[in-house]
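Q: With the sequence up front, the predicted model follows.
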Amino acid sequence: MAANVTSKCSSAFLDPTSDLSPGTSYIVTITGVKDSAGNALATPYTGIFSTGSPVSVQATKAITAGRAHTLSLKSDGTLWSWGDNISGQLGDGTTIIKTTPKQIGTATNWSAISAGGDHTLALKSDGTLWAWGFNYATFFTPTQIGTATNWSAISAGGGFAIGLKSDGTLWAWGDNSSGQLGDGTTTNKTTPTQIGTATNWSAISAGGFHTTALKSDGTLWAWGDNSLGQLGVGTITNKTTPTQIGTDINWNAIAAGGNSNGGAGSRTIALKSDGTLWAWGSNGYGQLGDGTTTTKTTPTQIGTATNWSAIAAGGDHTLALKSDGTLWAWGSNWWGQLGDGTTTNKTTPTQIGTATNWTAISAGSNHTIALKSDGTLWAWGLNSGFNSSGQLGDGTTTDKITPVQINSSSATVASSPSGVTATAGNAQLAVSWSNASGATSYDVYYSTASSVSTTTGTKVTCATAPYTIMGLTAGTTYYVIVVASNGYGDSTPSSSVNATTTGGGTGGGTYYWANWTCPSSACTSIMGRPSGSAGPLCSQADCIAFTSTSTYVPLGATCSTTATYTKYVTDTPSNGVCWDSGVDF
């Protein structure tokens with residue numbers, strides 16, 4: 001089986017888009033099942049599962065790689081994200097990492113995306129600007145910035161952002177410690193601030209701490225940190241306002257590289273309209289591509305090829321496409337981010353594979369994302385670092401040293417559970433729900449607060465319906481929601497339900513568990529008590545005879561084969577022979 005869709009409650013991997021046929025029933029047998037005491041059950045679990053109807057697969061049309069998170073846009077205008085989420089940079093309302101693409105919201109009018117250090121920017125087709133992630137007051141979901149409807153381009157840097165409006169004006173905000181905003185100061189800005197008065201800006205690229213931009217007249221400009229010559233002005237002095245680089249007027253594309261924490265990767269890569277490739281700045285890993293590891297403080301032509309068509313600068317590695325659709329990479333390769341099947345650095349452009357249908361590239365700190373002309377999404381490089389982020393999106397946290405296709409089929413997130421009920425018992429709640437489409441597991445969240453959510457509620461992972469929440473406070477109202485999950489993420493929570501727990505007999509809702517082996521006559525001690533009552537205790541024989549309609553706790557088990565059974569019981573045991581004492585539920 002492929003490892004694209006994983007149930008978080010097991011180690012099974014199923015990819016419904018490539019391993020299974022739509023509209024087909026499958027018999028699944030699970031062996032090696034254990035009870036809560038760790039004892040193997042004699043009979044394997046067998047179930048019948050059916051796949052749904054075929055879904056429409058939307059091609060990926062845009063990609064962006066941040067420090068350790070990744071986003072994509074599909075041709076239907078939907079937004080997807082995966083990877084590190086420590087600052088909410090995925091936009092799904094949580095801080096939980098995702099190892100496969102997850103759709104963000106339901107909007108279908110996203111038009112542009114840019115991933116920074118731990119924050120994300122996006123535009124909608126109506127010209128509005130949205131942002132989420134690290135902000136010193138973190139936003140966990142897309143939040144509109146201002147009310148302007150004429151944003152046309154965005155670029156997210158290490159801890160700052162650059163934007164263009166349709167009138168050709170340049171705007172910047174965020175960290176300004178190195179003058180990377182370009183407003184002549186080193187003062188941070190918390191709202192978009194216009195930079196200068198020029199109205200002919202045409203392209204922008206934000207690095208770790210420096211910025212590059214083009215004007216419509218083909219001139220190249222840069223500002224911010226210049227400690228490694230990344231501005232290209234021939235010095236290592238920072239600039240706090242846009243500074244023209246040379247006098248050439250045929251610059252066509254730019255990419256500012258470097259990490260969000262600074263370091264040796266800071267550099268700039270650029271293309272001219274004649275298809276030539278140029279680079280300058282840090283070169284400790286050969287990321288400039290000139291065959292050396294020597295820093296350059298002015299634009300240096302890389303090779304003699306005249307058919308370069310696209311560029312991307314990551315933390316310490318660089319990628320480029322040629323007009324023939326081939327993919328090339330160079331620089332640091334510690335994590336396999338070049339994709340050539342090795343972890344050896346390269347100081348000159350090296351062709352990756354033989355494919356001739358690559359159309360787009362984006363480089364993160366140590367991982368790479370790319371598209372082919374058929375709309376398929378590919379990734380390679382670091383996948384285990386930064387909190388085991390899963391930024392490649394292949395459902396694992398294993399690094400990849402060659403391009404791996406990423407499943408990006410749509411309509412894969414489980415639907416929200418329905419029919420949720422909560423039935424009160426003696427210091428417990430029995431929670432039930434209807435199966436949700438596409439779900440492989442369920443989580444239950446409960447709280448005494450009516451505003452229970454996935455961030456405020458107590459979480460029960462991998463619950464099966466009906467699920468009994470035990471050890472609650474008697475006579476207390478609890479609110480419950482249920483979330484369905486699959487390998488592509490979590491559903492929206494169900495509607496909240498509530499119930500008030502009852503009081504009980506002796507024991508007051510304290511639960512213990514007991515083991516006994518059948519057949520055996522050695523254990524005939526107390527095994528349970530009638531639910532919600534202080535009545536007589538029951539013997540092992542009584543418990544075994546209980547049926548599913550019994551009012552007693554626990555429900556019985558037929559003692560027909562040699563096996564060890566575990567059951568929940570109430571009250572403190574009077575005979576420790578049959579009990580694992582001190583286990584409090």
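A: Thanks, I have it.

Q: Would you confirm that Gly208 contacts Ala156?
A: No: Gly208 lies out of contact with Ala156 (Cβ atoms under 8 Å); the separation is 11.2 Å. C-beta here means a position set from N, CA and C on the backbone, and glycine is covered the same way.

Q: what's the overlap in contacts for the two?
A: Any residue near both Gly208 and Ala156 by Cβ atoms under 8 Å, 6 or more residues apart in numbering counts here, and that gives Gly117.

Q: more crowded one of these two?
A: For Gly208 and Ala156, the more surrounded residue by other Cβ atoms under 10 Å is Gly208, and the numbers stand at 30 against 27.

Q: any idea which helix or strand carries the more buried one?
A: Under DSSP states H and E, no helix or strand contains Gly208.

Q: what's the burial count for Met470?
A: There are 17 residues near Met470, going by other Cβ under 10 Å.

Q: Show me what counts as buried in stretch 332-343.
A: 332-340 (16 or more other Cβ atoms under 10 Å).

Q: can you list the domain ranges for the chain.
A: 150-406, 418-500, 511-578 (automatic domain parsing).

Q: Quick one: mean pLDDT over the second one.
A: When the per-residue pLDDT values of domain 418-500 are averaged, the result is 87.

Q: now that domain, how far from the chain's geometric center?
A: 23 Å (Cα atoms, centre = their mean, to the nearest Å).

Q: what's the span of that domain, first residue to last?
A: The stretch domain 418-500 measures 21 Å between its terminal residues, going by Cα to Cα, to the nearest Å.

Q: Quick check: closest non-adjacent residue to Pro299.
A: The shortest distance from Pro299 to any residue other than its chain neighbours is 4.5 Å, reached at Trp278 (Cβ to Cβ, 6 or more residues apart in numbering).

Q: And Val404, by the same measure?
A: Distances taken as Cβ to Cβ, 6+ apart place Asp394 nearest to Val404, at 5.4 Å, with adjacent residues excluded.

Q: what are the phi and psi values for the one you found?
A: phi -100, psi 10 (degrees, to the nearest 10).

Q: Spit out the contact partners of it.
A: Counting by Cβ under 8 Å, 6+ apart, Asp394 touches 3-4, 99-100, 379, 383, 400, 404, 406-407.

Q: For the stretch 301-450 of the chain, give me the ranges with low pLDDT.
A: For the stretch 301-450 of the chain, the stretches with pLDDT under 70 are 386-388, 408-413.

Q: Please enumerate the helices of it.
A: Applying DSSP state H, counting those that start in this stretch to the stretch 301-450 of the chain gives helices spanning 385-388.

Q: and what of the chain?
A: 385-388, 540-545 (DSSP state H).

Q: Format the CA atom coordinates belonging to stretch 231-245 as PDB.
A: C-alpha atoms of stretch 231-245 as PDB (Å, rounded to 0.1, in the frame of the first residue of the first chain):
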ATOM      1  CA  LEU A 231      22.300  43.400  -2.400                       C
ATOM      2  CA  GLY A 232      24.800  43.400  -5.200                       C
ATOM      3  CA  VAL A 233      26.000  47.000  -4.800                       C
ATOM      4  CA  GLY A 234      29.700  46.100  -4.400                       C
ATOM      5  CA  THR A 235      29.800  46.700  -0.700                       C
ATOM      6  CA  ILE A 236      28.700  44.900   2.500                       C
ATOM      7  CA  THR A 237      26.900  48.000   3.900                       C
ATOM      8  CA  ASN A 238      23.100  47.700   4.600                       C
ATOM      9  CA  LYS A 239      20.700  49.900   2.700                       C
ATOM     10  CA  THR A 240      17.500  51.200   4.200                       C
ATOM     11  CA  THR A 241      16.000  52.500   1.000                       C
ATOM     12  CA  PRO A 242      15.700  51.000  -2.500                       C
ATOM     13  CA  THR A 243      19.100  51.200  -4.200                       C
ATOM     14  CA  GLN A 244      19.600  50.600  -7.900                       C
ATOM     15  CA  ILE A 245      21.900  47.700  -8.800                       C
END
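
Q: buried ones in that stretch?
A: Buried residues in stretch 231-245 (16+ other Cβ under 10 Å): 231-233, 238-240, 242-243, 245.

Q: Now stretch 422-441: buried residues?
A: Burial within stretch 422-441, assessed by neighbour count using 16+ other Cβ under 10 Å, is assigned to 422, 424-431, 433, 436, 438-441.

Q: Return the alpha-carbon coordinates of it using PDB.
A: Extracted C-alpha coordinates of stretch 422-441, given in PDB (Å, rounded to 0.1, in the frame of the first residue of the first chain):
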ATOM      1  CA  ALA A 422     -24.500  12.400  24.900                       C
ATOM      2  CA  THR A 423     -26.300  10.200  27.500                       C
ATOM      3  CA  ALA A 424     -25.600  10.800  31.100                       C
ATOM      4  CA  GLY A 425     -24.600   8.100  33.600                       C
ATOM      5  CA  ASN A 426     -23.000   7.700  37.000                       C
ATOM      6  CA  ALA A 427     -20.200  10.300  36.700                       C
ATOM      7  CA  GLN A 428     -19.900   9.400  33.000                       C
ATOM      8  CA  LEU A 429     -21.200  10.200  29.500                       C
ATOM      9  CA  ALA A 430     -21.900   7.800  26.700                       C
ATOM     10  CA  VAL A 431     -21.200   9.600  23.400                       C
ATOM     11  CA  SER A 432     -22.500   8.300  20.100                       C
ATOM     12  CA  TRP A 433     -22.400   9.600  16.500                       C
ATOM     13  CA  SER A 434     -23.100   8.600  13.000                       C
ATOM     14  CA  ASN A 435     -20.100   7.600  10.700                       C
ATOM     15  CA  ALA A 436     -18.800  10.500   8.700                       C
ATOM     16  CA  SER A 437     -17.900  10.200   5.000                       C
ATOM     17  CA  GLY A 438     -14.200   9.700   4.400                       C
ATOM     18  CA  ALA A 439     -13.400   9.300   8.100                       C
ATOM     19  CA  THR A 440     -10.800   6.800   9.400                       C
ATOM     20  CA  SER A 441     -10.800   7.900  13.100                       C
END
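
Q: burial of Asp399, as a residue count?
A: 19.

Q: Equivalent analysis for Pro299, please.
A: 21.

Q: One more: Ala499?
A: Ala499 has 19 nearby residues by other Cβ under 10 Å.

Q: Just list whatever residues bridge to it.
A: Tyr478 (DSSP bridges).

Q: tell me the contacts of Ala379?
A: Neighbours of Ala379 in contact, by Cβ under 8 Å, 6+ apart: 70, 367-370, 391-394, 400, 403-404, 406.

Q: I'd like to know which of the residues you listed are buried.
A: Using 16+ other Cβ under 10 Å, the buried ones in those are 70, 367-370, 391-394, 400, 403-404, 406.

Q: among the residues you listed, which are in strands?
A: Cross-referencing the buried ones among the contacts of Ala379 against strands under DSSP state E gives 70, 367-370, 400, 403-404, 406.
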